[in-house]
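J.: here's a sequence, model it:
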Amino acid sequence: MTAVRTIPVRGGVKSLTWDGNDLVDLASGGRRWAPDGTERDTSVRWGFPFDRAALSPSGRYAAVWAERGTKGLVVEVERPVVVREVNRSYYHSKDYDYPLALGRLPDGREVLVHCPERYNELQVEDLVTGERLTAGPRGPVDVFHSRPEVSPDGRHLLAVGWVWSPIGVAALHDLTAALTDPAALDTDTLFAPHAGMEVEVGAACWLDAERLAVATGEETLDPDGDEGLGPLHLGVWSVPERRWLHRSPLERPTGTLLARGGQVLALYGHPRLLDAATGAVLAEWPEAELPEKDLCFGVTHVPSPVAALSPDGTRLAVARPDAVAVIDLPPHP
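T.: Coordinates of the predicted model:
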C-alpha cells in the first residue's frame, strides 16, 4: 500500500482541483496548497455557499456550484472572476445533486451541460457565452438528471440520475447528434435498450472515449429477471459494440467513481482502487476516511466526497475535516 501524505488545512475544504503540483479550492475562491503544505489564501469571495467545483478541459475556466442548491457560476480561473451565473430548477433540488458537467466538443468548443429550466431536460451551452447549442423541439422523459459526464472525445454524454420510486438510472446520448437534433438528449438508443439493466445504477464514468464503467447497487426492479448487470456489480460497457465487455461482483457499493485508464477509484467510505475488468481491489486506503455516499439522490443529504485525481493519474487528493490527504497511487500498467 502506498503512503498517504497529509496537508493540514484551516476551516475545511469545499472542493479540490489540481493546478500542476498545487491543489486549489475554487469553491472557496481559490485557496491553494503547495506540495510542501504551504497555504496561499485568496481575497476572492463568491458571496454564496458553493461547495463543488470542476475544471474545463482547457483548465482556463471552471464551474462552482452548490451540490444541493440551485445556483452556480462559470469563472475564469487565473484571476479568478465570474464569467456568468447558472441556475437549475428548484423542483426537488434539495433531494439530489446538482446536474452539471464541463466538456469539449470535437470542434474544440468548451461546453456546459446542465438542466437550467427543467429537472428532466438536459441542455448544452457554450461555456463562456452561454449560447444555447441545443435549442429546439424536445420530448424529455420523467427522469431527474444528476451526474452528466461528457466523453473524452466530446461525442457522447453519459447521464446518471434517478426516477421514482426512487431508483438510480443511467442513460447515454449522442451529443454530436444533439447539436442538430436536440431531442437526441431525450432518447437513449446507445445503452438502456441494450444493457438489460433491471437494477439500480449507483455510479458510472467514462474509462475512455469508447468504454463506460457502471456500478450497480443492491436494489432491483425485477428480482427474478436475468439482468445484463446484476445487483452490486461493476460492468464495463462498449459504446460502439453496445454490449458488456466485463461484469464482476462487488463486496460493497463503489460510491463516486473516478476513471484511471482500465482502473477506477471508488470513493465510498474510503478510496479503493479497482480493476474495472474484474472488480478486484488493487489497493485501498481506509485511513483516508470519506463519506459513505452511494447514490446521487436522497432526502438525507450525505455530501459527495471532495476528491481530485491528478491529470497524469498518479495522485489522488481527498479532503478530510481538517486536512487534505494526498495518495501516491500504484504505478499504472
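
J.: didn't Gln320 look like it was pressed against Trp285?
T.: Actually, residue 320 is Arg rather than Gln. No - assessed by CB atoms under 8 Å, Arg320 is found out of contact with Trp285, at 11.7 Å. Heads up, the C-betas are built off the backbone N, CA and C, glycines and all.

J.: using the three-state scheme, assign the residue nearest to the spatial centre of the chain.
T.: The residue lying closest to the centre of the chain (CA atoms, centre = their mean) is Arg147, at 5.6 Å. Assigned with DSSP: H, G, I helix; E, B strand; the rest coil, Arg147 falls in the strand class.

J.: thought it was touching Gly168?
T.: No - using CB under 8 Å as the test, Arg147 is too far from Gly168 to be in contact (9.7 Å).

J.: what's the overlap in contacts for those two?
T.: Val160, Gly161, Cys296 (CB atoms under 8 Å, 6 or more residues apart in numbering).

J.: if I look at the spatially closest residue to the last one that is not a sequence neighbour, how far off is Tyr119?
T.: In this case it means Cys296. Nearest residue to Cys296, sequence neighbours excluded (CB to CB, 6 or more residues apart in numbering): Ser146, at 4.1 Å. Using CB to CB, to the nearest Å, Ser146 is found at 9 Å from Tyr119.

J.: next: Pro137.
T.: In terms of CB to CB, Pro137 sits 19 Å off from Tyr119.

J.: what does Asp126 give?
T.: Taking CB to CB, one finds Asp126 at 22 Å from Tyr119.

J.: give me the more crowded residue out of those two.
T.: Ranked by neighbour count (other CB atoms under 10 Å), Asp126 and Tyr119 place Tyr119 first, with 20 against 14.

J.: I'd say that one and Tyr90 touch.
T.: No - contact between Tyr119 and Tyr90 fails when scored by CB under 8 Å: they sit 9.2 Å apart.

J.: residue ranges with poor pLDDT in the chain?
T.: 1, 223-227 (pLDDT under 70).

J.: strand partners of the longest strand along it, parallel vs antiparallel please.
T.: Using DSSP state E to define each element, the chain has its longest strand at strand 211-220. If you go by DSSP bridges, strand 211-220 pairs up with strand 199-206 (antiparallel), strand 233-238 (antiparallel).

J.: got a list of what the residue nearest to the centre of the chain touches?
T.: Asp97, Pro99, Ala101, Ala159, Val160, Gly161, Ala203, Ala204, Cys296.

J.: looks like the fifth one contacts Val169 (just checking).
T.: What that stands for is Val160. Yes - counting by CB under 8 Å, Val169 is a contact partner of Val160 at 7.4 Å.

J.: any residues in contact with both of those two?
T.: Val201.

J.: so which of the two has more stuff around it?
T.: Val160 (26 against 20).

J.: enumerate every residue touching the more buried one.
T.: Per CB under 8 Å, 6+ apart, neighbours of Val160: Ser146, Arg147, Pro148, Glu149, Gly168, Val169, Ala170, Val201, Ala203, Ala204, Cys296.

J.: now it. Nearest residue, chain neighbours left out?
T.: Closest to Val160 by CB to CB, 6+ apart is Arg147, at 4.1 Å.

J.: just Val326 next, same as before
T.: Arg5 (4.6 Å).

J.: same check on Gly298?
T.: Nearest in space to Gly298, with sequence neighbours left out and distances taken as CB to CB, 6+ apart, is Asp95 at 7.0 Å.

J.: neighbours of that neighbour, just the number please.
T.: Asp95: 16 neighbours (other CB under 10 Å).

J.: for stretch 230-242, list every residue counted as buried.
T.: Neighbour-count burial for stretch 230-242 flags Gly230, Pro231, Leu232, His233, Leu234, Gly235, Val236, Trp237, Val239 (criterion: 16 or more other CB atoms under 10 Å).

J.: and stretch 290-309, by the same measure?
T.: Buried, per 16+ other CB under 10 Å, within stretch 290-309: Leu290, Lys293, Asp294, Leu295, Cys296, Phe297, Ser304, Pro305, Val306, Ala307, Ala308, Leu309.

J.: now swap in stretch 62-73 and tell me
T.: Within stretch 62-73, the residues scored as buried using 16+ other CB under 10 Å are Ala62, Ala63, Val64, Trp65, Ala66, Glu67, Arg68, Gly69, Lys71, Gly72, Leu73.

J.: take it, keep the C-alpha atoms, and write them as CSV.
T.: Provided in CSV are the C-alpha atoms of stretch 62-73 (Å, rounded to 0.1, in the frame of the first residue of the first chain):
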residue,chain,number,x,y,z
ALA,A,62,-14.2,26.3,-14.1
ALA,A,63,-17.7,25.9,-12.6
VAL,A,64,-18.6,26.2,-9.0
TRP,A,65,-22.0,25.3,-7.6
ALA,A,66,-24.0,24.2,-4.5
GLU,A,67,-24.5,20.4,-4.6
ARG,A,68,-28.0,20.6,-3.2
GLY,A,69,-28.8,24.2,-4.2
THR,A,70,-30.0,25.9,-7.4
LYS,A,71,-27.1,28.3,-8.1
GLY,A,72,-23.7,28.1,-9.8
LEU,A,73,-21.1,30.2,-11.5
